[in-house]
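Q: Output the structure for:
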Amino acid sequence: MNTAEVLVAGMEQEGVEHVFGIPGEETEALLFALRDSEITFVPTRHEQGAAFMADVWGRLTGDAGVCLSTLGPGATNLLTGVADANLDKAPLVAITGQGGLERLHKESHQALDVVDMFDPVTKWNAQISDPAIVHESVRKAFKVAEYEKPGATHLELPEDVAYEDCDVRPMAARERVRRPEPDVPSLDRVRELLADADRPIVVAGNGAVRTDASAELRSFVETYDLPVAATYMGKGAVSDDSEHSLLTLDSGDHEEASDAIESADLVIAVGYDVAEHDPADWNPEGETTVVHVDSEPAEVYERYNPTVEVVSDIAAAVRELAAACDDIDAEFETDWYDDLREHVLEDVTADREPDDPFTVRGVLPVLREAMAREDVLISDVGSHKLAIAQNFPTYEPNTCIVSNGLASMGISVPGGLAADLAVEANVVAATGDGGFMMNAAEIETATRLGCGFTILLFNDAEYQLITEEQVEHRGEHFGTEIANPDFQTFAESFGIEAYRPGDWDELETALDEAVGSHEMSLVEVALE
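A: Numbers count the residues shown, from 1 in each chain. I've put the predicted structure just below:
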């Protein structure tokens with residue numbers, strides 16, 4: 001076996017099912033090793049799309065998604081998707097080709113220091129400069145990418161090394177490293193704080209979803225009658241039809257849940273990540289009593305300086321916390337959050353008239369009706385993302401995927417493809433026209449693979465979120481208007497069904513047909 005073949009055999013040991021990428025001259029050995037393996041290579045239309053596919057695959061399965069590119073421009077095109085996975089804590093392994101070692105000491109065609117370039121956007125990255133280290137390099141790349149907190153890793157394989165004979169064999173994948181149980185003193189301290197509290201609240205973050213702590217968290221809040229507000233990436237950790245849910249931190253009037261946290265006398269933050277949501281929004285003075293429950297210690301930040309940190313496996317921490325608090329004889333105030341939940345739900349489900357123009361917030365209840373509880377919604381980034389995160393009821397973990405760490409536009413279509421491969425449920429990719437056009441070519445990839453998901457396209461012919469911010473700051477906007485193709489004709493050119501509803505009844509019919517068809521489709525919603 002040569003080095004490339006051992007690398008691919010190592011990926012088979014890790015359980016890799018798909019590699020997303022674009023072929024290149026320097027990755028030829030890898031490509032033909034993939035051809036002869038059990039792994040499916042998925043040629044994409046852009047390396048960024050490949051990275052986003054690997055990103056979303058990792059979020060939904062917990063197994064590292066894999067993307068592949070050649071050297072130079074191929075590697076630079078991967079960067080945004082790799083960075084997105086890393087900051088959003090999704091397991092991903094990026095593999096890039098490179099020129100032969102004999103030319104890397106000097107300026108040469110397409111050669112860049114890719115390892116150095118990937119360093120800020122990965123947990124670990126390395127060049128496989130010797131066949132003797134390929135087995136360990138592959139095992140480490142997957143181990144580091146998948147253990148808590150997960151993220152991106154990167155391997156570079158020079159083309160001459162790829163073809164060299166290799167005496168080593170791939171290492172077997174082992175059971176993933178688990179964090180230890182929480183320590184008793186920290187649990188006792190949390191128990192004291194909870195016993196003394198009148199208005200405690202739970203904030204559910206990305207970690208609560210990512211670590212499968214939803215069942216433990218739901219039991220905890222129901223047992224102690226605690227309100228819960230989720231971050232955008234924590235949606236579904238507690239079902240939004242639970243009487244304890246305040247939806248997300250910005251739901252309702254965009255500030256109500258955050259205001260509720262400000263008025264609470266104890267915040268139990270479960271899997272909270274400051275990269276996702278700035279705690280200054282709900283703890284502006286840094287004086288709120290906070291309990292940090294996570295797999296890692298809290299980031300040092302004056303607005304997020306926990307009184308107690310319970311650092312362990314998150315599900316175990318919540319379970320043990322519930323047991324430690326079992327003898328608390330406290331009746332917490334509930335009127336304040338009961339009223340707030342009622343107001344938030346009224347705002348989310350506001351009535352509309354038949355002749356009202358389309359709005360994102362108005363469309364979301366229609367979309368929710370067209371989707372089953374377990375169906376998956378992938379949101380792109382833009383003003384529609386805020387509406388989805390704040391107002392789209394989510395009932396199960398990992399069924400509303402929102403990129404809110406790096407928050408990169410362009411994730412929806414490739415993400416929808418990956419989700420369609422990863423789950424049995426229906427998938428909807430919601431996007432604005434700006435984000436859609438960034439990776440719209442991946443529709444061809446999806447149709448080639450036989451995928452069947454729905455693209456919900458909000459068309460307002462501008463970068464709406466930036467328009468709104470500019471108008472708020474300056475009273476005017478500049479550089480945000482764009483022109484679009486005929487999206488219905490564009491979609492049909494790929495051979496997929498396209499809808500352009502003209503009123504609310506037509507929208508309901510279009511979404512029901514599109515989502516229920518299990519075929520590739522596009523529903524365009526024209527916004528004023």
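Q: Show me the residue at the heart of this structure, geometrically.
A: Nearest to the geometric centre of the chain sits residue 403, at 4.5 Å (CA atoms, centre = their mean).
Q: On the pLDDT front, check it for me.
A: pLDDT recorded at residue 403 is 91.
Q: Residue 252 too?
A: At residue 252, the model reports a pLDDT of 48.
Q: Then residue 221?
A: In this model, residue 221 is scored at 94, pLDDT.
Q: Name the nearest residue to it, ignoring sequence neighbours.
A: residue 244 (4.8 Å; CB to CB, 6 or more residues apart in numbering). Quick note: C-beta positions are derived from backbone N, CA and C, even for glycine.
Q: just checking, the one you found touches residue 224?
A: No - if you go by CB atoms under 8 Å, residue 244 and residue 224 don't touch, sitting 9.6 Å apart.
Q: and residue 65, what does it touch?
A: 18, 20, 53-58, 85, 90-93, 418 (CB atoms under 8 Å, 6 or more residues apart in numbering).
Q: show me the contacts for the residue nearest to the centre of the chain.
A: Going by CB under 8 Å, 6+ apart, residue 403 touches 84, 88, 379, 381, 411.
Q: returning to that earlier point: want to try a markdown table for the contacts of residue 65, with secondary structure as columns?
A: Below are those laid out as a markdown table (DSSP: H, G, I helix; E, B strand; the rest coil):
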| residue | secondary structure |
| --- | --- |
| 18 | strand |
| 20 | strand |
| 53 | helix |
| 54 | helix |
| 55 | helix |
| 56 | helix |
| 57 | helix |
| 58 | helix |
| 85 | helix |
| 90 | coil |
| 91 | coil |
| 92 | strand |
| 93 | strand |
| 418 | helix |
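Q: Name the member of those residues that has the highest neighbour count.
A: Ranked by neighbour count (other CB atoms under 10 Å), the contacts of residue 65 have residue 85 at the top, with 36 neighbours.
Q: Please identify the buried residues of stretch 436-456?
A: Neighbour-count burial for stretch 436-456 flags 436-440, 442-443, 445-447, 449, 451-456 (criterion: 16 or more other CB atoms under 10 Å).
Q: Could you look up the SS state of residue 229?
A: strand.
Q: isn't it right up against residue 203?
A: Yes - at 5.7 Å, residue 229 counts as touching residue 203 under the criterion of CB under 8 Å.
Q: Common neighbours of those two, please.
A: With CB under 8 Å, 6+ apart as the test, residue 229 and residue 203 both reach 249, 261.
Q: residues near residue 528, how many?
A: Per other CB under 10 Å, the neighbour tally for residue 528 reads 6.
Q: list the contacts for it?
A: Contacts of residue 528 (CB under 8 Å, 6+ apart): 357-358, 460.
Q: between these, which is closest to residue 276?
A: Proximity of the contacts of residue 528 to residue 276 (CB to CB) peaks at residue 460, which lies at 25.8 Å.
Q: The closest one and residue 312: what is the separation?
A: In this view, residue 460 and residue 312 are 45 Å apart by CB to CB, to the nearest Å.
Q: again, but for residue 154
A: Taken as CB to CB, the span from residue 154 to residue 312 is 29 Å.
Q: Show the end-to-end separation of stretch 150-163, please.
A: 31 Å (CA to CA, to the nearest Å).
Q: Stretch 29-48 too?
A: 22 Å.
Q: Now do the same for it: mean pLDDT, whole number.
A: 98.
Q: quick one on the thing from earlier: reformat the contacts of residue 65 as JSON lines; add pLDDT.
A: JSON lines is the format used below for the contacts of residue 65 (pLDDT from 0 to 100):
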{"residue": "18", "pLDDT": "99"}
{"residue": "20", "pLDDT": "99"}
{"residue": "53", "pLDDT": "99"}
{"residue": "54", "pLDDT": "99"}
{"residue": "55", "pLDDT": "99"}
{"residue": "56", "pLDDT": "99"}
{"residue": "57", "pLDDT": "99"}
{"residue": "58", "pLDDT": "98"}
{"residue": "85", "pLDDT": "98"}
{"residue": "90", "pLDDT": "98"}
{"residue": "91", "pLDDT": "98"}
{"residue": "92", "pLDDT": "99"}
{"residue": "93", "pLDDT": "99"}
{"residue": "418", "pLDDT": "99"}
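Q: ok, back up a step: mind checking which of residue 154 and residue 312 has more residues around it?
A: Per other CB under 10 Å, whichever of residue 154 and residue 312 has more neighbours is residue 154, with 29 against 21.
Q: What is the lowest-mean-pLDDT helix or strand in the chain packed up against?
A: Least confident helix or strand of the chain, by mean pLDDT, DSSP states H and E, is helix 256-263 with a mean of 74. The contact analysis (3 or more CB pairs under 8 Å, 6 or more residues apart in numbering; DSSP states H and E) places helix 256-263 against strand 200-204, strand 228-230, strand 245-248, helix 335-348.
Q: please redo it, this time with the cut-off set to 6 Å
A: helix 335-348 (3 or more CB pairs under 6 Å, 6 or more residues apart in numbering; DSSP states H and E).
Q: Flag every buried residue along the helix it packs on.
A: So for helix 335-348, counting by 16+ other CB under 10 Å, buried means 336-337, 340-341, 344-345, 347-348.
Q: Give me the domain ranges for the protein.
A: As assigned by the TED database, the chain contains the domains 3-163, 184-340, 350-526.
Q: Could you identify which of those domains is most buried?
A: Stretch with highest mean neighbour count among these: domain 3-163 (a mean of 22; mean count of other CB atoms under 10 Å).
Q: Now do the phi/psi pair for the nearest residue to residue 28 once chain neighbours are set aside.
A: In space, residue 28 comes closest to residue 159 once its chain neighbours are excluded; the distance is 7.4 Å by CB to CB, 6+ apart. Dihedral pair for residue 159: phi -70, psi -30, per degrees, to the nearest 10.
Q: Surely residue 159 is in contact with residue 26?
A: Yes - using CB atoms under 6 Å, residue 159 is in contact with residue 26, at 4.4 Å.
Q: per-residue confidence at the closest residue to residue 39 other than its chain neighbours?
A: In this structure, residue 39 finds its nearest non-sequential neighbour in residue 16, 5.4 Å apart by CB to CB, 6+ apart. Here, the pLDDT recorded for residue 16 equals 98.
Q: what's the distance between residue 16 and residue 263?
A: Distance, residue 16 to residue 263, using CB to CB: 48 Å.
Q: doesn't residue 389 make contact with residue 348?
A: No - using CB under 6 Å, residue 348 makes no contact with residue 389, being 11.6 Å away.
Q: Quick one: low-confidence residue ranges for this structure.
A: 104, 106, 110, 251-256, 330, 350-351 (pLDDT under 70).
Q: which non-adjacent residue is nearest the most far-flung residue of it relative to its centre?
A: The outermost residue of the chain, judged against the average C-alpha position, is residue 102 (39.6 Å), by CA atoms, centre = their mean. Using CB to CB, 6+ apart and skipping residues adjacent in sequence, the residue nearest residue 102 is residue 160, 7.1 Å away.
Q: Which strands and helices lie in contact with the helix or strand hosting the one you found?
A: Using DSSP states H and E, residue 160 sits in helix 159-163. Judged by 3+ CB pairs under 6 Å, 6+ apart, helix 159-163 is in contact with helix 3-13.
Q: Please compute how far the helix it packs on lies from its chain's middle.
A: Here helix 3-13 is found 27 Å from its chain centre; the criterion is CA atoms, centre = their mean, to the nearest Å.
Q: for that helix, packing partners?
A: helix 28-35, helix 134-146, helix 159-163.
Q: any idea of the angle the first one forms with helix 3-13?
A: Put plainly, it is helix 28-35. 40 degrees (axes from the mean of the first three to the mean of the last three CA atoms, to 10 degrees).
Q: next SSE after helix 28-35?
A: Following helix 28-35 toward the C-terminus (DSSP H and E): strand 40-43.
Q: same question, the last one
A: Where DSSP H and E defines the elements, the next helix or strand beyond helix 159-163 is helix 184-196.
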